[in-house]
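Colleague: could you look at this predicted model? Sequence included:
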Amino acid sequence: MIVSMAIIHARHALTTRLLSQTCSRTMMTTAAQSKRAAKQEGTIADVFTSLDPGIKVAALPARFIQLKKDVLTDMGATHASIVQAWKQVLAALEARTKEIVSLGGEVIPRVSFTDIERGLSNTQKDHIKKSGVVVVTGAVPKEEALRWKASVKEYITTNPVKGFPANDIQVYELYNSKAQIAARTHPAILRTQQELLRFWHDPSNKHVDFSTPISYFDRLRIRTPGDRSFTVGPHIDGGSVERWEDPTFRRVFRRILAGGAGWKSHDPFDVSWRVDAKQDLYNAPGQCSVFRCWQGWTSLSPTGVGEGTLRVLPMLSLATAYIMLRPFFRPDPADLESSSFPGSIPGKGQELNEETHPHLRLGETMTSIPEIQPGDQVYWHCDTVHSVEKLHGGQGDSSVFYIPAVPLSVKNAFYIRDQRANFVYGLPAPDFPGGSGESTFTGRATARDITTSQGRRALGFEPFVSGRVENDELVDAANRVLFG
């Protein structure tokens, strides 16, 4: 115990040095330790073919024919078992798609921050697990969220910002504004993330600490009325062909790919294989390399249906089963002799449309998030299909900070070590398009703008503290990554 306390005190002393005026040499060392190569410059358009209608999608190389056969062999599937699974999934889709169309926006779970604080009921949890999405209201006071928006607008006006599209920016390549830091470290947002991370489980109790959210820097959106440019179609982030191509990643979906009725027992909240999955085999800008449980955003404006908001496909496990089986059919006869992985383009996200994935009935089942207010949060599971409304038909801006829920793991600790170094110098977060970023910007955030211990831990500026004996080894390993 005495030794452990000595270690903790020593690491707190290091934190103080990091935050002091005399920390420049320490931070230069931290930056030098980063082994992650910067991505090429770009914007969010580099991730999605739907943002570049003129792009021509080439057929995948012949090696993907063999990949299909290798996947089924690896999973122990047979032609008969995979056909059986496909038929069962298609039958289940008929019922679920009708239900979604009938319910409309009511299908999307909505809970209050009060619910979060007292603990979600089993009914609420079941609803969220089935749909793969949740709206959380009331965590951040409306006035505070509006101040964040005013602050970031001033930051944009003051500095030479970049984004998409270049001539009328709707999505900004900004990661280091003071308002974004304030939001990422807000106690209520971190508390919300803690509750949602607990949906997940690690059978080994060794690889992930779901009680400790960390901060994964992402962009911001200020979408103006009438905009038709930011029309991201249905997709899943975190790689495309990697789901089948990476041997570890495909084991996340092993029960689906084994065929038969196994798809019914697929657990999208089991971390067993996902924590080490390689989601960015092609090292493309904008591809997530961390273990990210929930994608999410915090609203900075009142936004309703038809006002340029998020759309989701609210059927997590069933849609996942269909998507993972889809490359083996065209779309109904079995297809093991072509290189086709519909909607999968190396270096991009997994995209979907009514031609590539017809049984999902995306034109009817993609559901817009019902009205939200400034300070409300929306989270969706990392496998949830989502998109953005094609037209912002409202009167005011539709603005959000993208803030996902990401847990502590050793792999993620390596990432926030490098993210911390980039933040100190005002550079883009490591997974995102590179360049000089905000390094010369006036008014960007520094470590001194992180005002709480929990916030400093989330950004890698203060040692993590284990809350459970089972997490002691993991937390100690993460702290060694960050502080030596």
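Modeller: Yep, that arrived.

Colleague: quick one, phi/psi of Met75?
Modeller: Phi and psi for Met75, reported as degrees, to the nearest 10, are phi -90, psi 0.

Colleague: burial of the closest residue to it other than its chain neighbours, as a residue count?
Modeller: Spatial nearest neighbour of Met75, excluding adjacent residues (C-beta to C-beta, 6 or more residues apart in numbering): Leu257 at 4.1 Å. Where C-beta positions appear, they are placed from N, C-alpha and C, glycine not excepted. Neighbours of Leu257 under the rule other C-beta atoms under 10 Å: 27.

Colleague: Leu257 against Thr73, yeah?
Modeller: No. Using C-beta atoms under 8 Å, Leu257 is not in contact with Thr73; the gap is 10.5 Å.

Colleague: could you report the neighbour count for the closest residue to Tyr175 other than its chain neighbours?
Modeller: Nearest residue to Tyr175 in three dimensions, chain neighbours excluded: Phe217, at 4.5 Å (C-beta to C-beta, 6+ apart). When neighbours are defined as other C-beta under 10 Å, Phe217 has 24 of them.

Colleague: what's the spacing between Phe217 and Leu310?
Modeller: 19 Å (C-beta to C-beta, to the nearest Å).

Colleague: cool, and Val481?
Modeller: 33 Å.

Colleague: neighbour count: those two, which is higher?
Modeller: More crowded of Val481 and Leu310, by other C-beta under 10 Å: Leu310, with 27 against 17.

Colleague: before we move on, back to that, before we move on, what SS does the residue nearest to Tyr175 have?
Modeller: Secondary structure, DSSP: H, G, I helix; E, B strand; the rest coil: Phe217 is coil.

Colleague: low-scoring stretches of the chain, by residue?
Modeller: Applying pLDDT under 70 to the chain flags the ranges 1-35, 53-54.

Colleague: ok, now which ones touch the most centrally placed residue in it?
Modeller: Central residue of the chain (C-alpha atoms, centre = their mean): Gln295, 3.4 Å from the mean position. By C-beta atoms under 8 Å, 6 or more residues apart in numbering, Gln295 lies in contact with Asp237, Tyr379, Trp380, His381, Cys382, Thr384, His386, Tyr402, Pro404.

Colleague: for these, give me CSV that also has secondary structure.
Modeller: Listed next are the contacts of Gln295 as CSV, based on three-state DSSP:
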residue, secondary structure
Asp237, coil
Tyr379, strand
Trp380, strand
His381, strand
Cys382, coil
Thr384, coil
His386, strand
Tyr402, strand
Pro404, coil
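
Colleague: out of the residues you listed, which one sits closest to Lys153?
Modeller: Among those, Tyr402 lies closest to Lys153 (C-beta to C-beta), at 16.7 Å.

Colleague: which residue comes closest to the closest one once chain neighbours are left out?
Modeller: In space, Tyr402 is closest to Asp218, 3.7 Å off (C-beta to C-beta, 6+ apart).

Colleague: tell me how far that neighbour lies from Phe432.
Modeller: On the measure of C-beta to C-beta, Asp218 and Phe432 end up 8 Å apart.

Colleague: show me which of these two is the more surrounded one.
Modeller: Phe432 (28 against 22).

Colleague: any idea how far stretch 322-335 is from the chain center?
Modeller: Taking the mean of its C-alpha atoms, stretch 322-335 sits 26 Å from the chain's own mean (C-alpha atoms, centre = their mean, to the nearest Å).

Colleague: got it, and stretch 272-288?
Modeller: 11 Å.

Colleague: please apply the same query to stretch 144-156.
Modeller: Its chain's C-alpha centre and that of stretch 144-156 lie 23 Å apart, by C-alpha atoms, centre = their mean.

Colleague: what sits up against it?
Modeller: 172, 174, 177-180, 182-183, 220, 222, 298-301, 374-375, 399, 401, 441, 443-444.

Colleague: any buried residues in it, and which?
Modeller: For stretch 144-156, the neighbour count (16 or more other C-beta atoms under 10 Å) marks Ala145, Leu146, Trp148, Lys149, Ser151, Val152, Tyr155, Ile156 as buried.

Colleague: now do stretch 474-484
Modeller: In terms of neighbour count (16+ other C-beta under 10 Å), stretch 474-484 has its buried residues at Leu474, Val475, Ala478, Asn479, Val481, Leu482, Phe483.

Colleague: contacting residues for the nearest residue to Gly132 once chain neighbours are set aside?
Modeller: Spatial nearest neighbour of Gly132, chain neighbours left out: Leu316 (3.1 Å); criterion: C-beta to C-beta, 6+ apart. Taking C-beta under 8 Å, 6+ apart, we find Leu316 in contact with Lys129, Lys130, Ser131, Gly132, Pro268, His381, Asp383, Thr384.

Colleague: list the contacts for the third one?
Modeller: Right, Ser131. Val107, Ile108, Pro109, Val312, Pro314, Met315, Leu316.

Colleague: before we move on, what about Thr384?
Modeller: Taking C-beta under 8 Å, 6+ apart, one finds Gly132, Val133, Ile236, Gln295, Val312, Leu313, Pro314, Leu316, Ala319 in contact with Thr384.

Colleague: so which of those sit within strands?
Modeller: If you go by DSSP state E, those have Val133, Ile236, Gln295, Val312 in strands.

Colleague: Serialize the contacts of Leu316 to JSON lines and add fields for distance to Trp200.
Modeller: Listed next are the contacts of Leu316 as JSON lines, based on distance: C-beta to C-beta, whole Å:
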{"residue": "Lys129", "distance to Trp200": "11"}
{"residue": "Lys130", "distance to Trp200": "16"}
{"residue": "Ser131", "distance to Trp200": "16"}
{"residue": "Gly132", "distance to Trp200": "13"}
{"residue": "Pro268", "distance to Trp200": "9"}
{"residue": "His381", "distance to Trp200": "10"}
{"residue": "Asp383", "distance to Trp200": "12"}
{"residue": "Thr384", "distance to Trp200": "14"}
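
Colleague: and of those, the nearest to Leu67?
Modeller: Asp383 (20.2 Å).

Colleague: secondary structure class for the closest one?
Modeller: coil.

Colleague: what about the residue nearest to Pro346 when sequence neighbours are not counted, distance to Ala258?
Modeller: The shortest distance from Pro346 to any non-neighbouring residue, by C-beta to C-beta, 6+ apart, is to Tyr282 (4.9 Å). Tyr282 sits 27 Å away from Ala258, going by C-beta to C-beta.

Colleague: tell me which of the two has more neighbours.
Modeller: Per other C-beta under 10 Å, whichever of Tyr282 and Ala258 has more neighbours is Ala258, with 19 against 14.

Colleague: was I right to think that one contacts Asp74?
Modeller: No. Using C-beta under 8 Å, Ala258 is not in contact with Asp74, being 9.7 Å away.

Colleague: follow-up on the earlier one: identify the contacts common to Asp218 and Phe432.
Modeller: With C-beta under 8 Å, 6+ apart, Asp218 and Phe432 have common neighbours Tyr175.
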